[in-house]
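Asker: quick one: sequence and predicted model below, then my questions.
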Amino acid sequence: MTLHDKLALPVGTTLDRFIMRKQEDFPYATGELSQLLRDIALAAKIVNREINRSGLIDIAGAYGNRNVQGEDQQKLDVIANIRFIRALRNGGEVCTIVSEEDEDMIQTGNVQGKYVVAIDPLDGSSNIDVNVSIGTIFSVYRRVSPTGTEGTEQDCLQTGTHQVAAGYVIYGSSTMLVYTTGNGVNGFTYEPSLGEFFLSHPHITSPQTGAIYSINEGLSNDFTEGVREFVAYCKQQNYSARYIGSLVADFHRNLLKGGIYMYPATRRAAKGKLRLMYECNALSFIVEQAGGKASNGQQRIMELQPQTLHERCPFFIGSTELVEKAEEFMAREYAELAEQK
């Protein structure tokens, strides 16, 4: 193929065009969810710009406050939170937002909005200053309270099975937006010179098994027996240990290549570390749509009933065969504990 032929090739399908085409598949769709996804994509472009120039304009590093989780906020945590909230508020489709960075629900003032968004605006913030991939995770629910009123906690505390969309953005060597609306998973890569996301990973399907396990083994002294035995099993199988410390980056790699990501309960953190509403549910919806599985070690993540906005849960996610194998080890542990009682 000549250079002229290569230059004449089509650029590809933009995110906007893809969303529009998918909307046409549903004759009763009215466009609100499509607009919401566009609002998230716009905010992601702005956050991507801020991340790429963070070292030049002194917006890297600690902000000086702690969020509701007790974690030190980074400057870009705050910036990303502001950008996504502003985009969702201005878009008009969202009545209420649950953010990792805010203790309470955020009322947007859009009382006619039909949707609730739970979001981690910038996941992996401890990696910001060392130029490691970070991300955004979001989950979308249809409100259950009447329109014309402010959103309620009941709107937010729905099980993951009620999600109508979920996705993540990974800011790395390239910036990608991956999302599902319950009809498969598609990935879009950002082309900065054109300012557009283009379809680059259609119909993502996760391998049924893999040879990668991702866990913070620095916490191994606090792992329960079942987790320790499963990690030992992975080593016996000569699986590769890969742990970036950025949930989106670890999940994205395992989604494409096959593997399992684990953040289990530990003796010091009986409920684990990751948040059900805006981390675990969103990624569970995506992995299931791609043919994978997500569990807390005993139960499907998306069937867990959240009790609080920032509830935590143990998390095992990835290729179906590996997650089921982890559940086997956890089941043995629970059985032994039951016998001891």
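Answerer: Looks like it came in fine. Residues are numbered from 1 along each chain as shown.

Asker: Asn110 contacts Cys95, correct?
Answerer: Yes: under the criterion of C-beta atoms under 8 Å, Asn110 makes contact with Cys95 at 5.4 Å. Yep, even glycine has a C-beta here, placed from its N, CA and C like the rest.

Asker: where are the low-confidence patches of the protein?
Answerer: The model of the chain has pLDDT under 70 over residues 1-11, 25-29, 54-74, 334-341.

Asker: and it, what are its domains?
Answerer: 10-201, 212-340 (automatic domain parsing).

Asker: in a markdown table: those, plus mean neighbour count.
Answerer: Output for those, formatted as a markdown table (neighbours: other C-beta atoms under 10 Å):
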| stretch | mean neighbour count |
| --- | --- |
| domain 10-201 | 18 |
| domain 212-340 | 19 |
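
Asker: who is the spatially most central residue of the chain paired with across the strands?
Answerer: Against the mean C-alpha coordinate of the chain, by C-alpha atoms, centre = their mean, the closest residue is Ile137 at 3.5 Å. On the basis of DSSP bridges, Ile137 is bridged to Asp120, Tyr168.

Asker: how much space is there between it and Leu36?
Answerer: The gap separating Ile137 from Leu36 is 15 Å, by C-beta to C-beta, to the nearest Å.

Asker: correct me if wrong: Arg267 contacts Asp222.
Answerer: Yes: with contact defined as C-beta under 8 Å, Arg267 counts as touching Asp222 (4.6 Å).

Asker: what about the helices in the stretch 51-200 of the chain?
Answerer: Assigned by DSSP state H, counting those that start in this stretch, the stretch 51-200 of the chain shows helices spanning 75-91, 153-156.

Asker: would you mind pulling up the elements that the shortest one packs against?
Answerer: Packed against helix 153-156 by the contact rule (3 or more C-beta pairs under 8 Å, 6 or more residues apart in numbering; DSSP states H and E) you find strand 94-99, strand 115-123.

Asker: run through who's touching stretch 17-27.
Answerer: Residues from elsewhere that reach stretch 17-27 (C-beta atoms under 8 Å, 6 or more residues apart in numbering): Ala29, Gly31, Ser34, Leu37, Arg38, Thr181, Asn183, Asn186, Phe188, Leu199.

Asker: go on, stretch 249-258?
Answerer: With C-beta under 8 Å, 6+ apart, stretch 249-258 has contacts from 124, 132-135, 168, 170, 172, 176, 178, 201, 204, 206-212, 214, 242-244, 259-261, 283, 286-287, 290, 292, 317-319, 322.

Asker: so which of those residues are in helices?
Answerer: Per DSSP state H, helices hold the following members of the contacts of stretch 249-258: Leu283, Ile286, Val287, Leu322.

Asker: and the two most separated of the residues you listed?
Answerer: Ile286 and Leu322 (16.5 Å; C-beta to C-beta).

Asker: mind putting the helices of the stretch 51-200 of the chain into a markdown table with distance to Ala232?
Answerer: Formatted as a markdown table, the helices of the stretch 51-200 of the chain follow (distance: least, C-beta to C-beta, whole Å):
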| stretch | distance to Ala232 |
| --- | --- |
| helix 75-91 | 36 |
| helix 153-156 | 39 |
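
Asker: among those helices, which is nearest Leu304?
Answerer: Ranking those by proximity to Leu304 (C-beta to C-beta) places helix 153-156 first, at 14.2 Å.

Asker: tell me who's in contact with Pro306.
Answerer: Leu157, Gln158, Thr159, Leu276, Met277.

Asker: try it again with 7 Å
Answerer: Listed by C-beta atoms under 7 Å, 6 or more residues apart in numbering, the contact set of Pro306 reads Leu157, Leu276, Met277.

Asker: of these, closest to Arg332?
Answerer: Arg332 lies nearest to Leu276 out of the contacts of Pro306, by C-beta to C-beta, at 24.9 Å.

Asker: so that closest one sits right up against Gln305, yeah?
Answerer: No: with contacts counted by C-beta atoms under 7 Å, Leu276 stays clear of Gln305, the gap being 9.4 Å.

Asker: which residues touch Leu15?
Answerer: Here Leu15 is in contact with Ala41, Leu177, Phe188, Phe197 (C-beta under 7 Å, 6+ apart).
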